[in-house]
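> Here is a sequence together with a model predicted from it:
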Amino acid sequence: MSSAPARSVHWKEARLHSGFAASQRPRILIRNPGWICALSAIAMVSLGVVCINITSGVDATGLGGFALKQLLFLPIGLLAGALAAAPHYRFVGRLTPTLVVLTVAMLVLVLIPFTPEWFVKPKNGSRRWINLGVADFQPSEIAKIAYVLMLARYLRFRKNYRRLRGLAPPLALTFLPMALVVVEPDLGTALLFLPTFFAMLIAAGAKLKHLALLVLAAALVAPAMYPILEPHQRVRIEAMWNQIRGDRAQADSINYQGFQAITLVGAGGVRGLGPEKSRAVIDFNNLPEDHNDMIFAVITNRFGLLGAGVTIALYLAWIGGALWCAGVCKDPFGRLVVVGLTSMIGAQAIINIAMTVGLAPITGMTLPFVSYGGSSLVVAFMMTGLIINVAMRRPAYLARQSFEFSPQDM
């Protein structure tokens, strides 16, 4: 009679052991919302190549120039995305300190005045690029990923950021890359760290009243920062204000790029111009950086308001797929990484589109996946790969839950 309970105990132990063993086996989810991001990204690159090719001039035939180079960057970006998705994201997290040190070293390297120009060549007064021979590499692009990984690693198991004083360490982690990027100078990229900071803290459960106090303090301090801005930065802000007021006094100088971009946007109408007419209008318009920072103006000129809507819809699909991945992820580190990367891409797209249509100062910022640029494209696909990495891996059964607080902690 005593053998039945003994068999029951052994059966329960065996079941518990098998369940624990199963929890340790890697579980890859091939079907996951991360593929929405991948498909949206490829669609945006395709749109970008078409519009970059339009900027090559009326005499250009076939695919060449910047468009061909961008197309050649695509397989490199896809490979980089696949490599980012291959190892478990927790392993990537363990490599974060090394990646942060290397990134900071590169950001400092481009700022050293006596670095040989063949290695770090200033462009338009900025020291942002490292010459790799076949292409230029922009360390501030990889700094976006390093920052998100660093902040996610810091926040994952802490609660101190739910107090006002506890926001000081993550703020310090944010100001470090921001300061190095601002000195390059690259104010546009530096601004991306702030919305990412707030998005990740909100996802981690920081109290909104504390974040609101930070925003209020920044708003009060901002006017005092204006006198210490570089002259060209102050001019950009003044030019944007004049442009919003419709003052064309600077239309042939500092506001030239902004007014030319708005002209192209308006000329596209609802359905856009034909390919040859659009190519001629863009060539005659002579918009600076039309293949790069101002590519949204080219899209709207060629495909009209409908094309602009499709572009924004593709970004919304990418962001929606990424947030879906964050929602189903129960691991704190993985969820924060996805939220951080999503906010980085989303903020960059919003700022670029806003500056193209005259709602924000022109800061020299690319449109992710669409603008010409090898560093930008490869890093954007690395971000997409990391999001897929998180989406296709379930956390272990006994993994710590993500940011669950009792009512008295709220």
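Sure thing, it's come through.
> Quick one: residues contacting residue 158.
The contact partners of residue 158, taken as Cβ atoms under 8 Å, 6 or more residues apart in numbering, are residue 166. For glycine as for every other residue, the C-beta is placed from the backbone atoms N, C-alpha and C.
> Can you point out the helix or strand that includes it?
In this structure, residue 158 sits in neither a helix nor a strand according to DSSP states H and E.
> I'd like to know how far it sits from residue 327.
Using Cβ to Cβ, to the nearest Å, one obtains 22 Å as the distance from residue 158 to residue 327.
> what's the answer for residue 371, then?
As judged by Cβ to Cβ, residue 371 and residue 327 stand 29 Å apart.
> how about low-confidence regions in the stretch 301-410 of the chain?
Using pLDDT under 70 as the threshold, the predicted model of the stretch 301-410 of the chain has low-confidence ranges 395-410.
> again, 90 this time
In the predicted model of the stretch 301-410 of the chain, residues 327-331, 355-366, 373-375, 393-410 satisfy pLDDT under 90.
> what about the strands in it?
In the stretch 301-410 of the chain, no strands are defined using DSSP state E, counting those that start in this stretch.
> so what's the residue nearest in space to the middle of the chain up against?
Within the chain, one residue has its C-alpha closest to the average C-alpha position: by Cα atoms, centre = their mean, that is residue 345, at 2.9 Å. Contacts for residue 345 were tallied using Cβ under 8 Å, 6+ apart; they are 315, 318-319, 322, 368, 380, 383.
> Any chance of JSON lines for the residues you listed, columns distance to residue 206?
Written out in JSON lines, the entries for those read as follows (distance: Cβ to Cβ, whole Å):
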{"residue": "315", "distance to residue 206": "26"}
{"residue": "318", "distance to residue 206": "25"}
{"residue": "319", "distance to residue 206": "21"}
{"residue": "322", "distance to residue 206": "20"}
{"residue": "368", "distance to residue 206": "26"}
{"residue": "380", "distance to residue 206": "27"}
{"residue": "383", "distance to residue 206": "23"}
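> And the residues you listed, which is closest to residue 73?
Each of the contacts of residue 345 was checked against residue 73 using Cβ to Cβ; the closest is residue 380, at 10.6 Å.
> what's the closest non-adjacent residue to the closest one?
Excluding its sequence neighbours, the residue lying closest to residue 380 (Cβ to Cβ, 6 or more residues apart in numbering) is residue 368, at 4.8 Å.
> if I look at that neighbour, how far off is residue 78?
Counting by Cβ to Cβ - residue 368 and residue 78 are separated by 15 Å.
> quick revisit: who's more crowded, residue 371 and residue 327?
The neighbour count for residue 371 versus residue 327, taken as other Cβ atoms under 10 Å, is higher for residue 371 (26 against 12).
> Would you agree that one is in contact with residue 48?
Yes. Taking Cβ atoms under 8 Å as the contact criterion, residue 371 and residue 48 are neighbours in contact, 6.6 Å apart.
> any residues in contact with both of the two?
Counting by Cβ under 8 Å, 6+ apart, the residues touching both residue 371 and residue 48 are residue 295.
> which residues of the stretch 301-410 of the chain fall in helices?
In the stretch 301-410 of the chain, the helices defined using DSSP state H, counting those that start in this stretch lie at 332-356, 374-391.
> among these, which is nearest residue 30?
Distances from residue 30 to each of the helices of the stretch 301-410 of the chain were compared by Cβ to Cβ, and the smallest falls on helix 374-391, at 10.3 Å.
> Between helix 332-356 and that closest one, find me the angle.
Between the axis of helix 374-391 and that of helix 332-356 there is an angle of 140 degrees, by axes from the mean of the first three to the mean of the last three Cα atoms, to 10 degrees.
> Which residues belonging to the host helix or strand of residue 209 are considered buried?
For residue 209, the enclosing helix or strand under DSSP H and E is helix 208-225. Neighbour counts over helix 208-225 (16 or more other Cβ atoms under 10 Å) mark 210-211, 214 as buried.
> Format those as CSV; extra columns: distance to residue 35 and pLDDT.
Conversion of these to CSV gives the following (distance: Cβ to Cβ, whole Å; pLDDT from 0 to 100):
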residue, distance to residue 35, pLDDT
210, 36, 86
211, 33, 87
214, 36, 85
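> so what's residue 307 up against?
So, once contact is read as Cβ under 8 Å, 6+ apart, residue 307 ends up touching 268, 272, 299-300.
> change it to 7 Å
Counting by Cβ atoms under 7 Å, 6 or more residues apart in numbering, residue 307 touches 272, 299-300.
> how close does it sit to residue 50?
On the measure of Cβ to Cβ, residue 307 and residue 50 end up 10 Å apart.
> again, but for residue 275
Separation of residue 275 from residue 50 (Cβ to Cβ): 9 Å.
> same question, residue 357
Using Cβ to Cβ, we find residue 357 at a distance of 21 Å from residue 50.
> Neighbours of the residue nearest to residue 380, how many?
Burial of residue 368 is recorded as 27 neighbouring residues (other Cβ under 10 Å).
> Show the model's pLDDT score for residue 54.
On the pLDDT scale, residue 54 is placed at 90.
> What are the phi and psi values at it?
Backbone torsions of residue 54, given as degrees, to the nearest 10, read phi -60, psi -30.
> contacting residues for it?
Listed by Cβ under 7 Å, 6+ apart, the contact set of residue 54 reads 278-279, 282, 298, 302.
> Many thanks, have a good one.
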